[in-house]
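Participant: Okay, sequence plus prediction incoming.
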Amino acid sequence: MNYPVNEVFETIQGEGYFTGVPAIFVRLQGCPVGCAWCDTKHTWDVIEANRVAPELVIQVDGTIGRWSELTSEQLVNAFKDKGFTAKHIVITGGEPCMYDLSDMTRYLHQNGYQTQIETSGTFEVACDSATWVTVSPKINMKGGYKVLAQALERANEIKHPIATSNHIDELDALLADIDLADKTICLQPISQKPRATELAMKTCIDRNWRLSIQTHKYLDID
């Protein structure tokens, strides 16, 4: 299967359960969700005029919205050609679950990698059973997509961006019928605002949840 890839780069995972882990990010092109605070709006549209050769999305800045179609085998070959040493692969976007990721995640596992998907939860998650799925539920966004129970039930980690107590109320309502016994719940302050950070910390302490800080923004890395 071919996947529309915006960029591939090696870095440190900056947020959530795997904070601090060396990782290769595979950012896919395409997302109709429409989050107002999105910092990767260049991935929203799959514009044919922006299609480029595969080598132009590997370790190359993707912010101008270029993309190329790559197979799972081409991705692994690119990792090796660039000398990437990380074994943790983060499949993100855009909205990666617009696409069936079963082939990619299985192939990566067969080649010695572990995988993580970062999704808004607005599309069904199709991937290998060993993949770690992080759902950051995007509620009432411009695109009008609903967060799906299937995505929440498949999630290993639910990482929710918050700024006010209303965001926590929305999360509670969303998770009311979901079995959380084996899930990690993370609260992530939007834009590192002090009020949001204080609220997230207090709620995490009260509920024994985990605080997720976007450390990559403090470190000024991708």
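Facilitator: Okay, I see it.

Participant: Where does pLDDT dip in the chain?
Facilitator: For the chain, applying pLDDT under 70 flags the ranges 216-222.

Participant: what are the bridge partners for the spatially most central residue of the chain, then?
Facilitator: When the chain is reduced to its mean C-alpha position, the nearest residue by CA atoms, centre = their mean turns out to be residue 118, at 2.2 Å. Going by DSSP bridges, residue 118 is paired in beta bridges with residue 134.

Participant: Looks like it contacts residue 138 (just checking).
Facilitator: No. The pair residue 118 and residue 138 fails to qualify as a contact (CB atoms under 8 Å) at a distance of 11.5 Å. C-beta here means a position set from N, CA and C on the backbone, and glycine is covered the same way.

Participant: surely residue 12 meets residue 24?
Facilitator: No. Counting by CB under 8 Å, no contact exists between residue 12 and residue 24, whose distance comes to 10.9 Å.

Participant: out of those two, which sits in the more crowded spot?
Facilitator: residue 24 (24 against 17; other CB atoms under 10 Å).

Participant: close enough to count as contact, the more buried one and residue 90?
Facilitator: Yes. The pair residue 24 and residue 90 passes the contact test of CB under 8 Å, sitting 7.1 Å apart.

Participant: Check the spacing between residue 207 and residue 175 real quick.
Facilitator: Distance of residue 207 to residue 175, computed by CB to CB, to the nearest Å: 11 Å.
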